[in-house]
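**Q** Sharing a sequence plus its predicted fold:
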Amino acid sequence: PPKMRQWFLEQGYIVEGEGYMNTPKDKFLESLYETTDKRVEVSLKLMDEVEWDFFFLVLTGSDRLQHYMWRDMTEGEGEYKNAIKDFYIGLDQHLGDLMEKAGENTTVFVVSDHGFTNQDKRVHINHFLIKKGYMKLEGGFENMKKMWMLRVSAFLKQTGLSNLIIKVMRGTGGKPGDVKPPQIEVDYAESQAFTCGYYTGGIYLDNKLDPNTYLKVQSELVEAIKKELRDPDTGELIAEKVYTKQELYEGDQLSLSPDIIIIPKDGYWITGGISYPSLIEPTTKETGRHHIEGIWAVKGGGTKEGETVNAEIIDIAPTILKLFGLESDMDGRPIDAFKK
Ligand SMILES: [Zn+2]
C-alpha cells in the first residue's frame, strides 16, 4: 500500500545494497551489512506496528555475498576468507532477535529458495546448439566480422591487454561501458532450439514444430546433452541431470516452461546469449552460483523437535496454509513435521 511505502522510506529502508559485480569487496560488504541490519531493524519495528497473523521477511544478503565471495571462502587465506561465515553468524543473531520478538507461541519457518555451490566456468550452451545444428546464425560478412571481434576481445581479456585499453579510455574520458560486445544475430527461422537469459539452464524449442517432430528433436537433444556436452578442457560431461519439461511440470501453463532443463555439475553454470567467443568461459568476478538443494527449518507450533524431514520448496506454502486450517489445491504437500 502507498501508505506503507511512505512508512518504509521514513525508516530509511534500503531496497537493495551495492551490486556485487562491480563494487570493490570492502565497499560491497559495508553496504551489505547496512542493508541487512536496516531490514531487520525495520522488520522488528513493523512487528510491533500491526497485529500479525502471518509475517514474511526476505533476506537477500547471503545470496549476493555467496555469488561474489564463494572462491574467497574455498581458496587461499585472503582477507575475505571468512566473509560468508561471519555474515551467517550475524544472520543468526538477527534471527534470534526476530524470534524473540515473535514470541514463543509463534511458529517460525526458516527457508532458503536455493543452496549455493562454486561456479568455476560458465557454459554458453548456444555454442553447443550451433555445433549440433539446432541453432543457426545469420550468414553474411557482418556476423563473421562480429565473431572475429569477439575472439579478439576474448584474447585481449585473457592477456590482460583489455585492462590497458580500458585505462586508456578512462584517460580520454571514455567509460569502460563504452566497449560493448558486438551482437551476433540468430537466424530464428532456420533454428530449432535456443537458450535465452542469464540465470538459465533451460532450452526452448521452436513452437512451430509439429508434435511428432517436437518429441523427436526434444529426445535427440536430451541424449546429445547427456552424452556429448563436455568441457573441452577436461573432457568431463557437464550435465548432472537433463530433463524434458513433461518430466518436471504439468498443468495449463506447461507451454511456458523451457522444453529441456539442464542441471549442471557443481562448478558449471549454463547461460544463454550468443555473443561469446566460445562454449566455456572461466569465471572471475562471480564465483558462486545457486544449487538446487537448499535448507528449511521450523520451530514452535508443536513441531517434532530434533527431527530431520526432507521436503521440497513447493511443500512450504501448503504446510503454512494447513497450520491456519486452510486446504489448498496448489502444488506440494503439507510437511509432516508437527505432533498430531
Ligand atoms: Zn542469487
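**A** Here it is on my side, so go on.
**Q** drop to CA atoms for contacts and neighbour counts, all remaining ones
**A** Fine.
**Q** sec struct for I263, please.
**A** What DSSP: H, G, I helix; E, B strand; the rest coil gives for I263 is strand.
**Q** Which residues does it form beta bridges with?
**A** Note on I263: beta-bridge partners by DSSP bridges are K241.
**Q** Tell me how many other residues crowd H290.
**A** Using other CA atoms under 10 Å, H290 has 19 other residues around it.
**Q** So it is in contact with G115, correct?
**A** Yes. Using CA atoms under 8 Å, H290 is in contact with G115, at 5.6 Å.
**Q** So in the protein, where's the weakest helix or strand by average pLDDT?
**A** In the chain, no helix or strand scores lower on mean pLDDT, DSSP states H and E than helix 161-171, which sits at a mean of 59.
**Q** List the strands paired with the helix or strand following it, with their directions.
**A** For helix 161-171, the succeeding helix or strand toward the C-terminus, using DSSP states H and E, is strand 193-194. Sheet pairing of strand 193-194 (DSSP bridges) gives strand 202-205 (antiparallel).
**Q** E79: what secondary structure?
**A** Following three-state DSSP, the label given to E79 is coil.
**Q** now swap in the one 10 residues further on and tell me
**A** At I89 the chain is in helix, as set by three-state DSSP.
**Q** and it, how many neighbours?
**A** By other CA under 10 Å, the residues close to I89 number 11.
**Q** So it versus P334, what's the distance?
**A** Remark: distance between I89 and P334 (CA to CA, to the nearest Å) = 30 Å.
**Q** now swap in A317 and tell me
**A** To P334, A317 is 8 Å away according to CA to CA.
**Q** Determine the residues that are contacts of both of these two.
**A** Common contacts of A317 and P334, defined by CA atoms under 8 Å, 6 or more residues apart in numbering, are absent altogether.
**Q** Which stretches in this protein count as helices?
**A** 2-11, 25-49, 61-74, 83-102, 126-131, 141-159, 161-171, 211-228, 245-248, 316-323 (DSSP state H).
**Q** got the contact list for the fourth one?
**A** Which is helix 83-102. Counting by CA under 8 Å, 6+ apart, helix 83-102 makes contact with V40, L44, M47, S62, L65, Q66, M69, W70, M73, V108, all of which sit outside it.
**Q** most surrounded residue in the residues you listed?
**A** Within the contacts of helix 83-102, neighbour counts (other CA under 10 Å) peak at Q66, which reaches 24 neighbours.
**Q** Now do the contacts for that residue.
**A** Residues in contact with Q66 (CA under 8 Å, 6+ apart) are I84, F116, T287, G288, R289.
**Q** These in strands, which ones?
**A** Filtering the contacts of Q66 for membership in strands, criterion DSSP state E, returns F116, G288, R289.
**Q** Quick check: the gap between the first one and I203.
**A** Counting by CA to CA, the separation of F116 from I203 is 22 Å.
**Q** of the two, who's got more company?
**A** Between F116 and I203, I203 has the larger neighbour count (other CA under 10 Å), namely 23 against 18.
**Q** where does this structure have low pLDDT?
**A** In the predicted model, the chain carries pLDDT under 70 at residues 140-141, 144, 158, 161-182, 198-200.
**Q** hmm, 80 instead?
**A** Flagging of the chain using pLDDT under 80 yields the residue ranges 139-184, 197-201, 275, 340.
**Q** is it true that K322 touches R333?
**A** No. Between K322 and R333 there is no contact under CA under 8 Å: 9.7 Å.
**Q** Compare neighbour counts for the two and give me the winner.
**A** It is R333, of K322 and R333, that has more neighbours when counted by other CA under 10 Å, with 18 against 15.
**Q** which residues touch the residue lying closest to the more buried one once chain neighbours are set aside?
**A** Spatially, and ignoring its direct neighbours in sequence, R333 is nearest to D315 (4.9 Å; CA to CA, 6 or more residues apart in numbering). When contacts are counted by CA under 8 Å, 6+ apart, D315 touches D331, G332, R333, P334, I335.
**Q** Any of the residues you listed buried? List them.
**A** Among these, those classed as buried by 16 or more other CA atoms under 10 Å are G332, R333, P334, I335.
**Q** Save those residues as JSON lines, and put in distance to M149 too.
**A** Shown next, in JSON lines, are those (distance: CA to CA, whole Å):
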{"residue": "G332", "distance to M149": "49"}
{"residue": "R333", "distance to M149": "52"}
{"residue": "P334", "distance to M149": "54"}
{"residue": "I335", "distance to M149": "54"}
